[in-house]
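Chemist: Take this sequence and fold it.
(chains A and B)
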2 protein chains.
Amino acid sequence: MIDSQLRVSSGIDYTLNFELPRMLHARILRSPYGHARVLKVDTSRAERLAGVAAVLSRDDLIGDRIDPYFGLIIQDQTPVALDKVRFVGDAVAAVAAVDEDTAAEALDLLDVEYEELPAVFDPEQALKPDAVLLHEGARRIIPGRPDVAARSLARTNIVHLFKQRKGDIARGFRESDEIFDNTFSSPPVNHVALEPHVAVAQVSDGQITVWTCSQNPYVVQRQLAGIFKIPLADVRVIVFTLGGGFGGKLNCKFEPVAALLSKKAGRPVKIIARRNEVFLLGVQHECKVKLKTGVKRDGTLIAVEARCYYNSGAYGDTTPNLITRGYAAGGPYRVPNLYMDSYGVYTNTAPTAAFRGYGITQVVWAHESQMDIIADALGMDPLEFRLKNVLQKGDSFSTGEPMPEMHYNELIASAAEKIGWKDGPLVVREGNKIRAKGISAIVKGMATPTTSTASIKLNADGSLNVLTSAVEMGQGAKTALAQIAAEEIGLPVRRVRVSEPDTAFTPFDLMTAASRATFCMGTAIRRGVQQIKEQMLEAAAAQLEAAKEDLVLNDGRVIVRGVEHKSVSYADIVRWTKASNLLGHGTFVSGSGPDGSPVVMDFETGQGYGSAEWHPAVVACEVEVDTDTGKVRVTRLHGELYVGKVINPRLSQLQVEGAMTFALGQVLFEELAVDTNGAITNPNLSDYMIPSFEDAPPQLTVHLLEPHGVTDVHGIGETALPPVRPAIGNAICRAIGARILDLPLTPEKVLRALEKQRQS
Amino acid sequence: MIDSQLRVSSGIDYTLNFELPRMLHARILRSPYGHARVLKVDTSRAERLAGVAAVLSRDDLIGDRIDPYFGLIIQDQTPVALDKVRFVGDAVAAVAAVDEDTAAEALDLLDVEYEELPAVFDPEQALKPDAVLLHEGARRIIPGRPDVAARSLARTNIVHLFKQRKGDIARGFRESDEIFDNTFSSPPVNHVALEPHVAVAQVSDGQITVWTCSQNPYVVQRQLAGIFKIPLADVRVIVFTLGGGFGGKLNCKFEPVAALLSKKAGRPVKIIARRNEVFLLGVQHECKVKLKTGVKRDGTLIAVEARCYYNSGAYGDTTPNLITRGYAAGGPYRVPNLYMDSYGVYTNTAPTAAFRGYGITQVVWAHESQMDIIADALGMDPLEFRLKNVLQKGDSFSTGEPMPEMHYNELIASAAEKIGWKDGPLVVREGNKIRAKGISAIVKGMATPTTSTASIKLNADGSLNVLTSAVEMGQGAKTALAQIAAEEIGLPVRRVRVSEPDTAFTPFDLMTAASRATFCMGTAIRRGVQQIKEQMLEAAAAQLEAAKEDLVLNDGRVIVRGVEHKSVSYADIVRWTKASNLLGHGTFVSGSGPDGSPVVMDFETGQGYGSAEWHPAVVACEVEVDTDTGKVRVTRLHGELYVGKVINPRLSQLQVEGAMTFALGQVLFEELAVDTNGAITNPNLSDYMIPSFEDAPPQLTVHLLEPHGVTDVHGIGETALPPVRPAIGNAICRAIGARILDLPLTPEKVLRALEKQRQS
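Modeler: From the prediction side, this is the model:
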C-alpha cells in the first residue's frame, strides 16, 4: 500500500485527532426508554452551567428555516427526538461545551419527561395488525423510489417489502421429491471499527463544513443541505482516512447534531462517539430466514420459497435497499421456481446500518446451511450437490437475468483441492477433538444503480492529481486507484496523488461500500485520465510531427513507437499547451433503469437487473471441535474468488484474508444481547468479543482465480465474508452430527447440540 | 459583496487565526549587516533550550534531497543564508518552538559569525564596473526566459535590462523644437496590508501542505516542489481570504522555512511576520527615471528617451518582469521615436516585490510630471496638450503594436468636466491657502502571457461549485467570479459557491494580481460553465423534445423559448443524466509568443505585444496647499476609467476609490527611510505613516465609462493608482509654482520649494 509506512508510524490524520481553534465538544443525551412520548425537554439548567456554549433540543428544530427530518430513503429520523424516542439510546438532546466533561455534566441537568409506550422488538411481532406503531404519520420518501413509496405504509411497521416471483412455486413443490423447511437466524452484530464515529462541524457564512469519518460524504452533504435548506454547494463534507468502516459509517449519524450545535454556538463543535454509543449508531440487521426448498432425488433444485425478516430497528436508513438482497436466498444455483418475500421491519431496537456483506450474509447462512442439510439427506457429497446446481454462464438468476461466466466449477474444484476435500474422510475424531471440513458457495451483487465521477489534473511537471470522493478506510482504495490512474496515464505510482473526499472539490461518488470503489471509481478515473491523454496525444503529435496512432505513453514521456529518441515529456507537453495544467473528468454510471429511475428490479416480481456485476466466491474450511468444552477452533480457512483482473495482488489477498477473519467472530461468538427494554446489554469490548489473533486460523489461504487475458475488474471487499459463516457452520455440524440453525455457534450451543445428539 | 456580512462580523477565517493540533511557532534570525559573509552558524545552544523543537540553518540545506535555491525567475534566494547575507534583515536561521516567546529566546542563543563586506545601496552605483557584487557565481534562470538568461549576467549586479528601440531617436531630437530633460524619483514604499504575512506548514508522508496568505499559490507550490525535489502533486498550497495583498504577497516568502522546520520537527509549524518583518519581505521598487522629451512648438511629441533604474534590492523576485513596464515611459501618447533602457539592479537593500501599479507607477510619475512641465513651457493647457498626443485607436504604442479604442478623448473630457477644469482658473489663492487642479492620463498593461483555468461542478440540486485558484483579498474576486458564473449558467448568485485556492483541487491560475482575476479567471470560468451548459442543453433537448437552439437557461431551469410551461430544472437534468453532478473545465491562455515561449516583446527592441489588454485611466484632482505649513489637503479626487463591461458597479467603484486612496500616502508622505547600512529605520506604523480617513478627499468620485453594448471585461484593481501620484503632484506644483521631481511631496519639500520660489 502506498500509505503503509504512515500506517505503522501513526502518520495517518484521523478525524478523531482533528481540532479547530475555539472548538467545542459535544455529548448527546440518550433515551432510557425503548419507546416513549417525550413530554418535556427543559434545557434551562443545562444552559446556565459554566462552560456550556449551546444546548440543542427539539425547540431548535422548529420553524421555516429548518427541515428536521432526514433519512437515506425514508426521511424518518430527526437530529434529536421531536415527539417520541424509539429505542434505548435514541438522541433526545445535545450539549456543546468547552470540554467533554462539562458537556457530560450538563446532560445531567437536562430535565426531560417521558410517557412510556408499549414497545415491540421482534419483526414478526411488529408485523401483526395490532402491533404498536413506531412511525405513526405519513412517511416522506425521497423522489425516485416508487417501490418504497408503495410499500412503506403508515399504520404498519413495514419499512419495505420486496418480492420475487419466478416460475410456478406451487408446481415446483409438487414436482419435488423432497421438501426441506427450516428457519435460520442471524443475530445483530456490530462493525466494531477501531475508530469510533466522530464529526466536527463548523457553520459560518451560511456554509456548513463537516469533517466526518463517513463512507459516503455526498449522502451526508445531501442530508445536511436538506436539514438546513441550503444549496448543496454550501455544504462541504471533508473525509480523512477512516479507521475502518465495514458499512457502519454510511449515511448520516450525528453530523446534523454537530452542525446545529455549531450554528447555535457560533463555534466549531466536535462529537466523538463513546464506544457504547458506537453500538447505538447502527448494527447489522438481525434476520430470520424461513427457507423451504424442493429437490429431485437426483439432487436437482426445483423450488425455493423464502421469507426473510430483516429487523430494521427504530429507523429505515439503508433497509429499503438492503432487503432486496433477499434475491440471493436461492443461492448461486439454478432455481426454476422461486417465491421470495423480504421484509424490512421497524422495531424498538437499535437502528441498523449497512454491514460488510450487505444483506447477503443472512440469506447465505440460510441457503448454504440448507444445501448441506439437503445433501446429507440425499446422501450426496455436498460438493457434488453444489456442482450439480451451480449457475453456469447464461443461466437465469432469481432476478431472471442471464448470468455471466462466474467460474464456479473451477472455484469449487480449486477450493476443494486446497482444503484437501478428497484427501480422506470429511470427519476425523481424535479423543475429545473432532475435525471436520465444510464448504460453501455464494454470489454477491454490487450496489446498483451506481455512479462515480472523478476529476483529474495533470500538473506542469507531469505529475498527476486524482480528485475523487472515494474513501480510504484501510482497504487500500488510495493505492488501487493510484495504480489504475498511473497505469492509464503511464506514470510511476509515486507521481500520482489520490485525494481524500471534499465535496467542495472532489466530484460525486455514490459511496465507498458495496465492493465498488476499485471497479466504479477506477473506471471513472480511467475515463478522466483518457480525456487528458487525448489532449496530450493531440499536442504531442503536433510537437513530434507524428500520427497520434503511432504514439505510446510510458513513464512520463510520449514516444513515437519504434523511434525511442523521438519523444517528449509530459511536462514539456503541458508547457507547450500553455495551460500549465491539463484537466479531465470521467463518469461511470451503471445499472439505472431505462427511464433513469434507480429501480432496476420490478418490486412486485423481483425480475430485472440485480447488479452491474456479480461476485462469486467459495470458502472451504476445517474446524476442530472440543467435545468437552464445545469450543471450536478453525484450523484451516481457504477463500477462492473470481475477481477478474487483479490490480494489486498482495492488497487483494490481504483484503480477502481480512474479510474472512472479520467473519470468524460472527460465526463463533459475536452477538448483541438485549434486555427486556430492547437495550443492548453488552455495548463494550469486554462483553462483546471480537476475534483476536488467537482466533485466526493457523492456515489462512486465499486464491484469486485470474484467467489469462481477463480485463474486467471486480470489487473484492466483501465477497469472502458471507460464505465463511456457513462453511464453518457446515463443518461444525458435520463434526458434531447435529444442525444448529441460529448464529452464533457458541460453545454453549455446540455442547447443547452434542448433548441432544447423545440423547437421541 | 457576497461576503460583506462576514467582513463586518469578524467571520472571515484568515490564515493568521489558523491553527493545527501540536502546532509549533517559529521565528527567524535576521542579519544585522547589509552585506557579509557568514562564517559560522552554531545552533547547538538554541537546540538545547527547553521547548525548542527544531532549528533550521544552512546545514539543513545540504545534500542530494534538497535544492536550496528558489526564485520566481532567477533562482537567487535560499530559505536561510548559505554563504552570504545581502541586506539588513536577510534570514540567517530559524527556530520552531512551542510558542513564539521560546522561539525568540532561542534566536538569542544562536551563535553566528559574520565577515562584513562592502555594500552598495544605489542602483547607479551598483552598475559601475568596480561595484561590489551581490551574487557572485553563475545564475540559475528558470526555463523559457532567454531574455533574462542573456542579460542577468554573473560579474554584474544587473538583474535584467529591457530595451525599447522605435523610430530614430537621434533624428527625433533633431526634429524637435524643444527638449526637456528631467530626472524623477520614487522612493521605496511598503504595501502595509493589514494582515501580515503568515504561513503554516505541515510535512508528512512526503507531502507538504502549506496554508499561506499568498496571491499566487501555484508559484509557492512550484518553489516548494523544487526545494524538496518532489512532484507538484505532492505539494498542497491552501489559501484563505487575504487581509490585503497589493502585490506584497506574491511568490515565496518564508513558506520554505516553515516547511523545512515542519519536516525537521515532525509537527506543523506556523510563522507570523512581525510588522517590522513585513517591511523586509518586499517593498515597492525605488526607481529613478531619466526622461528626455522632444516636442514641436505646436505640442506634438516627437521623441522620448528614457532610462529607468529600478532598485531590485537583494534578490530578483519579480524584477525581470517588472522592469519591462518601462514600456510605459512614453505614456499613453503617440511617440514616433523612442529609446528606452530599463534596468533592474541588485543592491544591498530590502528585497522588492510586485506592488499595485506594477512598475508603471514610477514611470507614470515621470511622464505625467514631464507632460505638465512641457505644457507649461509651451504655454498650453495641459489638458489640450494631452488630447493632442493621446493614443487613438490603431495608433502604435511603444511596443509597436496597434492600440485598441481606449476612449481617451471621452475620459479626459469627462474627468475635466467632473473636476470643473474649465469652471474658472486652475489656481486660486485665499490667504495662506492655495487651491489648484491637476490632471494625468495613463495606460496600464496586464500580466502577459497569462493563464487561468477553472473547474466547475453542477450539483444534484442545480447549485454550482466553482473551483478556482483565484485569491480573495478584499477586492471582491469571489463576488465578481460568482456573478460571472451565475450569469453564464443562469442561476441566482446565492446558488453559486466560489472556492478558495487549494492546489490539490483547484486548477492552475497564474496569480491574483495585475488586475487579471475578473478578466482571465472570469473567462476561464465562463468556458468551464459553457461545457456544463452544453451537457445540460443536450440532455434537456432530449427530455423536452426540442431543438437545442430553442432552449434558454434562466433561474435554474431550461425553458423552450416562447413555451414557458415546457421547462425542466437543472436538478432534474442532473438526475436524468444519472451522473449526480455535471463537470466542466475552462482554460484561458493569452499573450504567449507564437512558439509558446512567454517572451512576447523582443528584448533587444521591446517591439511585440506588451499586454493582452490595455487599461486606460484619467485622474483629475484639486488640492489645497497651506503655504505656512506646506501641508497638502486633497480636496477633490476623481477617477475616470474605461473598463469595458462592468460586472458589479458598486464593487468596481469601491475598488477604484480604494486604489486612489491607497495612492494618497505615496504621493504625500510614504517613504521607507534607510540608514547608512541600508537598514530601514521606520519599519513600523508609528514612523511609517499610511493614509487615515482624515486624509481622504472630501470629494472622492469615480466614473466608469461603459459604452452601450460593450461586452469585453477589463481588470480594475490597479489602473486608478498610478495616475493619482502625478495628478496630485501636478496640482501641487501648479499651486506653488515650482516643480518637485522626487516623491513623496512632503510638507518639508513643499515649504522648501515655496522658499526657493520666493527667492527666485
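
Chemist: ok, now which ones touch the closest residue to residue A:543 other than its chain neighbours?
Modeler: Setting aside the residues directly before and after it, residue A:543 is nearest to residue A:568 in space (Cβ to Cβ, 6 or more residues apart in numbering or on different chains), at 5.4 Å. C-beta here means a position set from N, CA and C on the backbone, and glycine is covered the same way. Applying Cβ atoms under 8 Å, 6 or more residues apart in numbering or on different chains to residue A:568 gives the contacts A:540, A:543-544, A:557-558, A:576.

Chemist: Mind pulling up the pLDDT for residue A:568?
Modeler: Residue A:568 carries a pLDDT value of 97.

Chemist: Bridge partners for it, pull those for me.
Modeler: residue A:558 (DSSP bridges).

Chemist: That one and chain B: what is the separation?
Modeler: From residue A:568 across to chain B, the span is 12 Å (Cβ to the nearest Cβ, to the nearest Å).

Chemist: what do you get for residue A:216?
Modeler: Residue A:216 sits 12 Å away from chain B, taking Cβ to the nearest Cβ as the criterion.

Chemist: Tell me the spacing between the nearest residue to that residue once chain neighbours are set aside and residue A:322.
Modeler: Closest residue in space to residue A:216, ignoring its immediate chain neighbours: residue A:511 at 3.5 Å, by Cβ to Cβ, 6+ apart. The gap separating residue A:511 from residue A:322 is 13 Å, by Cβ to Cβ, to the nearest Å.

Chemist: Same check on residue A:72?
Modeler: In terms of Cβ to Cβ, residue A:72 sits 10 Å off from residue A:322.

Chemist: mind giving me the domain split of chain A?
Modeler: Residue ranges for the domains of chain A, per automatic domain parsing: A:4-119+A:191-278, A:286-447+A:599-759, A:450-590.

Chemist: between these, which gets nearest to residue B:81?
Modeler: In terms of Cβ to Cβ, the element of the domains of chain A nearest to residue B:81 is domain A:450-590, at 27.8 Å.

Chemist: Any residues of the stretch 1-150 of chain A in contact with chain B? List them.
Modeler: Neighbours of chain B within the stretch 1-150 of chain A, by Cβ under 8 Å from any Cβ of the partner chain: A:3, A:5-6, A:11, A:13, A:17-21, A:144.

Chemist: Next, residue A:604: secondary structure please.
Modeler: Per DSSP: H, G, I helix; E, B strand; the rest coil, the secondary structure class of residue A:604 is coil.

Chemist: Find the nearest non-adjacent residue to it, please.
Modeler: Nearest residue to residue A:604, sequence neighbours excluded (Cβ to Cβ, 6+ apart): residue A:163, at 6.0 Å.

Chemist: likewise residue A:640?
Modeler: Of all residues not flanking residue A:640 in the chain, residue A:415 sits nearest, at 4.0 Å (Cβ to Cβ, 6+ apart).

Chemist: Distance-wise, check the one you found relative to residue B:746.
Modeler: According to Cβ to Cβ, residue A:415 and residue B:746 sit 92 Å apart.

Chemist: mind exporting the lowest-mean-pLDDT helix or strand in chain A as CSV, just the C-alpha atoms?
Modeler: Within chain A, confidence by mean pLDDT, DSSP states H and E is lowest for helix A:4-8 among all helices and strands, at a mean of 81. Taking Å, rounded to 0.1, in the frame of the first residue of the first chain, the C-alpha atoms of helix A:4-8 are listed here in CSV:
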residue,chain,number,x,y,z
SER,A,4,1.9,1.5,4.5
GLN,A,5,4.7,3.5,6.2
LEU,A,6,2.2,6.1,7.5
ARG,A,7,0.0,3.3,8.9
VAL,A,8,2.7,1.8,11.1
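
Chemist: How far does the next helix-or-strand element following it sit from its chain's centre?
Modeler: From helix A:4-8 onward toward the C-terminus, using DSSP states H and E, the following helix or strand is strand A:24-30. How far strand A:24-30 lies from its chain's middle: 27 Å, per Cα atoms, centre = their mean, to the nearest Å.
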